[in-house]
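> Let's see this in three dimensions:
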Amino acid sequence: MNVCVLLKQTFDTEEKIILEAGRISEDGVKFVINPYDEYAVEQAIQIRDEQGGKVTVVSIGPDRSAEALRSALAMGADEAVLISDERIGADEYAVAQVLHAFASRESFDLYLGGNFSVDNGSGQVAIRLASLLDIPHVSSITKLELKDGQAIVHRDAEGDLEVAEVTLPALFTAQQGLNEPRYPSLQGIMKAKKKPFRQLALDDIGLTSVEERTERVDLFLPPARQAGRTLQGEPAAAVHELVQLLRSEAKVI
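Here you go, the predicted model:
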């Protein structure tokens with residue numbers, strides 16, 4: 001069972017966001033594997049251990065993304081691929097196109113990724129890739145069973161449980177609860193240094209450029225939260241005042 005894990009390096013969720021000239025400052029910031037992608041890495045390793053095969057982790061990003069990939073290798077993945085090229089657009093359309101070009105040259109039985117990345121939060125890349133590969137997909141899974149070329153998955157559905165069965169190859173995105181990601185051991189960290197690590201550019205996967213389909217117009221922090229207000233008086237009068245404030249100050253109605 002050859003498994004491809006889509007991995008992204010993101011800000012540590014404990015980091016404070018600082019904007020400089022309309023961009024997020026990366027000075028002194030700690031980067032980690034996107035937390036939801038860790039579930040995908042762990043699941044892929046478990047599948048490999050049970051059924052054999054290979055786990056390949058793939059990331060698109062700057063050179064610093066190699067650190068996240070090496071962490072996945074230390075967890076137990078077999079091979080890492082970093083696709084880094086200034087010609088790659090940053091939006092979900094461009095990233096999915098590059099992943100498709102790479103995946104089309106490989107042979108994978110299963111694709112796993114995180115439900116979404118904690119920086120952009122769009123949850124689009126993996127689903128776009130499944131569409132480009134023309135394979136079935138199920139998002140936000142909390143359980144995965146593989147047998148005889150079929151996959152049975154569980155996913156949360158508005159507080160209920162949804163069960164789906166699809167034929168491999170297929171793509172799934174991981175939700176919290178799928179498993180408990182392991183910490184890299186010292187032995188795993190040492191082994192990771194000797195595992196295959198490929199760094200590719202667009203030319204290596206048959207592309208010359210990938211343009212974005214969306215453009216970021218502005219980036220800003222939300223306004224500081226103001227102190228709350230207590231409305232006095234009879235209930236009817238307080239409700240009337242509340243509606244007026246929602247209309248004139250908060251401008252939500």
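> Strands of the protein, start to end?
2-6, 9-11, 19-20, 23-24, 31-33, 54-60, 79-83, 110-114, 137-147, 150-157, 160-167, 170-174, 197-200 (DSSP state E).
> Quick one: closest of those strands to Ala66.
Closest approach to Ala66 among the strands of the chain is made by strand 79-83 (5.5 Å; Cβ to Cβ). For glycine as for every other residue, the C-beta is placed from the backbone atoms N, C-alpha and C.
> tell me the mean pLDDT for that closest one?
In this model, strand 79-83 has a mean pLDDT of 98.
> And for stretch 199-212?
The model assigns stretch 199-212 a mean pLDDT of 94.
> And stretch 229-248, by the same measure?
90.
> Over to stretch 23-41?
91.
> buried set for that stretch?
Phe31, Val32, Ile33, Asn34, Pro35, Tyr36, Asp37, Glu38, Tyr39, Ala40, Val41 (16 or more other Cβ atoms under 10 Å).
> which non-adjacent residue is nearest the second one?
Excluding the flanking residues, the one nearest Val32 by Cβ to Cβ, 6 or more residues apart in numbering is Asp12, at 5.0 Å.
> mind listing what that neighbour touches?
Going by Cβ atoms under 8 Å, 6 or more residues apart in numbering, Asp12 touches Val29, Lys30, Phe31, Val32.
> Export only the CA atoms of stretch 9-26, formatted as CSV.
The C-alpha trace of stretch 9-26 is given here as CSV (Å, rounded to 0.1, in the frame of the first residue of the first chain):
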residue,chain,number,x,y,z
GLN,A,9,4.2,23.7,7.3
THR,A,10,2.3,26.3,9.3
PHE,A,11,2.8,28.7,12.2
ASP,A,12,2.7,27.2,15.6
THR,A,13,-0.8,27.9,16.9
GLU,A,14,0.7,29.5,20.0
GLU,A,15,2.5,32.2,17.9
LYS,A,16,1.4,35.8,17.9
ILE,A,17,0.5,37.1,14.5
ILE,A,18,2.3,40.4,13.6
LEU,A,19,1.7,42.2,10.4
GLU,A,20,4.4,44.3,8.6
ALA,A,21,3.7,46.1,5.4
GLY,A,22,0.6,44.0,4.8
ARG,A,23,2.4,40.7,5.3
ILE,A,24,2.7,38.3,8.2
SER,A,25,6.1,38.7,9.9
GLU,A,26,8.1,35.4,10.1
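> closest one to Gln97 among the strands of the chain?
With distances scored as Cβ to Cβ, the stretch of the strands of the chain nearest to Gln97 is strand 54-60 (10.2 Å).
> for that closest one, what is the average pLDDT?
Averaged across strand 54-60, pLDDT comes to 98.
> Can you check the pLDDT for the residue nearest to Val32?
pLDDT at Asp12 comes out at 89.
> do you know how far it is from Glu86?
25 Å (Cβ to Cβ, to the nearest Å).
> need the contact list for the closest residue to Pro196 other than its chain neighbours.
Spatially, and ignoring its direct neighbours in sequence, Pro196 is nearest to Glu79 (4.5 Å; Cβ to Cβ, 6+ apart). Residues near Glu79 by Cβ under 8 Å, 6+ apart: Lys54, Val55, Thr56, Val57, Leu73, Lys195, Pro196, Phe197, Arg198.
> ok, so of the residues you listed, who is nearest Leu186?
Leu73 (13.8 Å).
> correct me, but that closest one touches Lys194?
No: shown here, Leu73 and Lys194 do not form a contact pair, counting by Cβ atoms under 8 Å, at 9.4 Å.
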